[in-house]
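Quick one, fold the following:
(chains A and B)
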Protein chains: 2
Amino acid sequence: METYYGIEAATGSKIAGDFELTETDQLDVIMEQAHAAYLAYQSIDANKKGDFLIAAAEEIEALGEQLISRAMAESGLPEGRIIGERGRTMNQLRLFGAIAKKGEWVEASIDTADPNREPFAKPDIRKQLEPLGPVIVFGASNFPLAYSAAGGDTASALAAGCAVVVKAHPAHPGTSQLVADAVCRAAERTGMPKNIYQHAHGAGFELAHGLVKHPLTKAVGFTGSFNGGKALYDIANERDEPIPVFAEMGSVNPVLFFPSALKNQAAVWGKTYAGSITLGSGQFCTNPGLIIAIESEDLDVFKESMRDTLGTIASQQMLHDGISKAFNQGKSKLESDGIVEIIYAKNEDNSRLGGPCIATASGATFLQNPQLQKELFGPYSLIVACKDEAEMLAIIQSLEGQLTGTMIIDESELSNFSAHFIALKSVVGRIIFNGVPTGVEVATAMNHGGPFPATTDSRYSAVGADAIKRFARPVSYQNCPSALLPNALQNQNAQGIFRKVNGSFTNDSIQ
Amino acid sequence: METYYGIEAATGSKIAGDFELTETDQLDVIMEQAHAAYLAYQSIDANKKGDFLIAAAEEIEALGEQLISRAMAESGLPEGRIIGERGRTMNQLRLFGAIAKKGEWVEASIDTADPNREPFAKPDIRKQLEPLGPVIVFGASNFPLAYSAAGGDTASALAAGCAVVVKAHPAHPGTSQLVADAVCRAAERTGMPKNIYQHAHGAGFELAHGLVKHPLTKAVGFTGSFNGGKALYDIANERDEPIPVFAEMGSVNPVLFFPSALKNQAAVWGKTYAGSITLGSGQFCTNPGLIIAIESEDLDVFKESMRDTLGTIASQQMLHDGISKAFNQGKSKLESDGIVEIIYAKNEDNSRLGGPCIATASGATFLQNPQLQKELFGPYSLIVACKDEAEMLAIIQSLEGQLTGTMIIDESELSNFSAHFIALKSVVGRIIFNGVPTGVEVATAMNHGGPFPATTDSRYSAVGADAIKRFARPVSYQNCPSALLPNALQNQNAQGIFRKVNGSFTNDSIQ
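The predicted model follows:
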């Protein structure tokens, strides 16, 4: 059996502890186990599924300092961030535990029968969302806890009633294994079917692709690069039976500064955005990588403020060598290509640190060079200076799909820029006003998604309560005997959930 | 400009009237018009969108006898069916008109701000579903009205706020053109943006594929064969920007007869199912093409009853020459292959009539010959006689994805067959008890969809109120000024719709 090991992000040196790599000839066994567990899990009461997720949060917390230090070592992220991310991870598990228990997420809909209807009797039809089957979840390098072994994808898939197989991210195998063991302990002590949650290690593409290709796999959750996500998406679509892939990929998260808002607080916004692009060393999918404004003295003040503030911010560790290498190469290429003008670039002797960089280009240059829309993952942003409102609109209309778009705009100028608003809205998953895109609230109304290439499926969110919908499909029951109806579709509405009865929302039972 | 014409289904002769074929060099203009219309349509009040759809129903009704006779001639369907289908088409337009007006379909969700939350202030986030963009709708040969120019796909896409381009089915160009002109009149008299609805004729694949490939196209609705739907799905996924395709394709709609239910009413069920498989000459996507039971004397009674009843049912016209030819070839192949035993086959001198056919095979034969799962479109059904309950379960577990599955089962035997129930449920979009799958109620709780290859996206229904969700995606607004918020997300809940406010359903306004 081959093994691999964790690497300390700050030094590149090996961390003690080897992890067995899953061989592709084990895939059939893993997926057959996942399928059997999925079938058995369907007979487990939703309340117990909720207990399982809540127990998983407890088991992760019980790992204590061991988990914090391992995650810090493997990711290079500071303690405060890792502790915060652990809190978010536990909250997500508890949120989806509560969602499973409540049972309202299934979107129950009931149309009652009318035996006297002419020319045909109207049947009784009842519909709810049901789990897709075994789901593959890929760990994300930039969220070693919140989007990895027991992150949002895992929690929402388990809450939906799917079995989960996690493929650990090779940048943090030890963190992933600790968390996976905790989830398995929670599954055991809450009486879940064996193998409802499995965890696999693989260093190359072979295991990843094999898991997505397997006929028993029914959906995939992924957070990472465009190349990685698109490859999985293509594999999933080339299967005999195509399956959904929820890949949350790159985004430059355009920020539009409108004239009056910029005039009022150019220096303050410069400071704020220097903070936003360096948060977590710029390694957030919502990092503002593109700032768009009309050229003006105010914009110069903004740039200067951003530059000056960046000079005071210490460079931070990047997640792993692959990421820091790509970031440094990207910065060098900006200089050698000479298409944009570098405003500020800190080049660190220690190549593992992400030295922030900002650049600027005219609107015309941006429109002529579509490659400037591509994300440079790390603390980088491009400031585009448009010659006028019309060029600004043309630039917005030229944008690819994005996770977020931000408008820094005064109340007084809202009506002048409605075309800009509509154009921006049509290419983003979330539109933010007078703030920063970094910081993704885990809320019901959150949409963390967006048109391709930001994600492979703009119709679903990867964050918040609705993320559970990714792993389910509707099933209708026509004239179904009460004994076989799922709880949410029974006349007696034991949980008091809201359902659509004959087309109208109500939390009443049916008489 | 090249033209084509309609063909009388009963005779194969030309019907007067030529229709201009759209050339592929017109595609850019069509799609740019559709895109511009989609943008303009976003500023149209939802109430007016509803008026448009309701006016379209009126204009179609106003076509009167002209539409009925043209649709009968082109489709070969009898008058009663066409009049019924016209009624369904108008009802669908009115249903989606009402849905657009009510505005509840957007799944509004609001999480209010908490400026005092620690460690960070909680932002105000509001989410709703918004239209995807221009949608291509393909006319379906088996529903010349209800799933064609102004059918369910068109009505739901327009209600969602998308622009629609219909590609007429070449089997009924005249019917399609009459309806399209009626929709255009409705659009004009209700003040809709120019080109919000466009209609194109094309005889081969070129136009169809060109429409799906066009960069401004954002979604596709299709009802038809597996080969046709899968080709569009593949094209859509190979685009630089993949787009969703809702292709509702073939299905054999398995029907399971359980022992006690069969014993009680074998002859009655035989009669009922003879009626179901010949309804509309078997040209429904929910035609029961596969009947599964345990071998017994009761099953023999069922087969005899089905055979005897079929002998009394006159063969009906099929939709077009391509379909009748494929059906006749399929029947011949059943005989020449000799894998199944033909119980009854009516061979008509007039090859345009669909002579019903039923066949039988053992469970073992069915399991060994996966090709027996393939749909033979027309009045055909295969009866599989299993040796026992275990073989029956193995057969259910071997099934591909299906639109529907039916269980003919007595209350007394429900608990004996729960494994069969779970296995069937996991491969179908709708499960029916003690009835027939034909007849798809247009209801909120209806799911007309199912796992691949029944459809290309099991997560959406092509029939009923929820069909509108196919053409929309969520967009979140963070700290958005009230002046820019869509109606459904305003504090004042003017329409009194149910929304999720801080995670709970309510139809209250926000104070």
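
And chain B, is the helix ranked longest in chain A touching that?
The residue-count maximum for a helix in chain A (DSSP state H) belongs to helix A:79-102. No: Helix A:79-102 is not in contact with chain B by CB under 8 Å from any CB of the partner chain; minimum separation 8.6 Å. Backbone N, C-alpha and C define where each C-beta goes, glycine included.

what does that helix contact?
Helix A:79-102 is contacted by residues A:46-47, A:49-54, A:56-57, A:60-61, A:67-68, A:71-72, A:75, A:77, A:105, A:143-146, A:150-152, A:155-156, A:158-159, A:280, A:442, A:465, A:468, A:495, A:497 when judged by CB atoms under 8 Å, 6 or more residues apart in numbering or on different chains.

Show me what counts as buried in that helix.
Neighbour counts over helix A:79-102 (16 or more other CB atoms under 10 Å in any protein chain shown) mark A:81-82, A:85-86, A:88-90, A:92-97, A:99-102 as buried.

if I look at A:Phe143, how far off is B:Leu207?
According to CB to CB, to the nearest Å, A:Phe143 stands 45 Å off from B:Leu207.

following the longest helix of chain A, which helix or strand comes up?
Next in sequence after helix A:79-102, counting helices and strands by DSSP states H and E, comes strand A:109-111.

Indicate whether that following strand makes contact with chain B.
Yes: legend: contact between strand A:109-111 and chain B by CB under 8 Å from any CB is shown at A:109-111.

So which elements touch the least confident helix or strand in chain A by mean pLDDT?
Confidence across the helices and strands of chain A bottoms out at strand A:316-317, with a mean of 92, counting by mean pLDDT, DSSP states H and E. The contact analysis (3 or more CB pairs under 8 Å, 6 or more residues apart in numbering or on different chains; DSSP states H and E) places strand A:316-317 against strand A:353-354.

Please indicate which of the contacts of helix A:79-102 are buried?
A:46, A:49-54, A:56-57, A:60, A:67-68, A:71-72, A:75, A:77, A:105, A:143-146, A:150-152, A:155-156, A:158-159, A:280, A:442, A:465, A:468, A:495, A:497.

Return the subset of those lying in helices.
Those of these lying in helices (DSSP H): A:46, A:49-54, A:56-57, A:60, A:67-68, A:71-72, A:75, A:152, A:155-156, A:158-159.

Please, where are all the strands along the stretch 251-400 of chain A?
Taking DSSP state E, counting those that start in this stretch to define them, one finds strands in the stretch 251-400 of chain A at A:254-257, A:290-294, A:316-317, A:341-345, A:353-354, A:357-362, A:380-386.

Rebuild those strands as TSV, extending it with mean neighbour count and distance to B:Leu256.
Converted to TSV, these look like this (neighbours: other CB atoms under 10 Å in any protein chain shown; distance: least, CB to CB, whole Å):
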stretch	mean neighbour count	distance to B:Leu256
strand A:254-257	26	54
strand A:290-294	25	57
strand A:316-317	20	60
strand A:341-345	15	68
strand A:353-354	24	60
strand A:357-362	21	64
strand A:380-386	24	60
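
right, and those strands - which one's nearest B:Arg189?
Shortest distance between B:Arg189 and these, using CB to CB, is found for strand A:254-257: 38.5 Å.

Only alpha carbons, please: show the closest one as CSV.
Output in CSV follows, covering the C-alpha atoms of strand A:254-257 (Å, rounded to 0.1, in the frame of the first residue of the first chain):
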residue,chain,number,x,y,z
PRO,A,254,-15.9,42.8,-9.9
VAL,A,255,-16.3,45.9,-7.7
LEU,A,256,-17.8,49.0,-9.4
PHE,A,257,-17.1,52.4,-7.9
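
Tell me which strands the host helix or strand of A:Phe222 pairs with, and in which orientation.
In the assignment (DSSP H and E), A:Phe222 maps to strand A:219-223. Paired strands of strand A:219-223, with direction, are strand A:135-138 (parallel), strand A:245-248 (parallel) (DSSP bridges).
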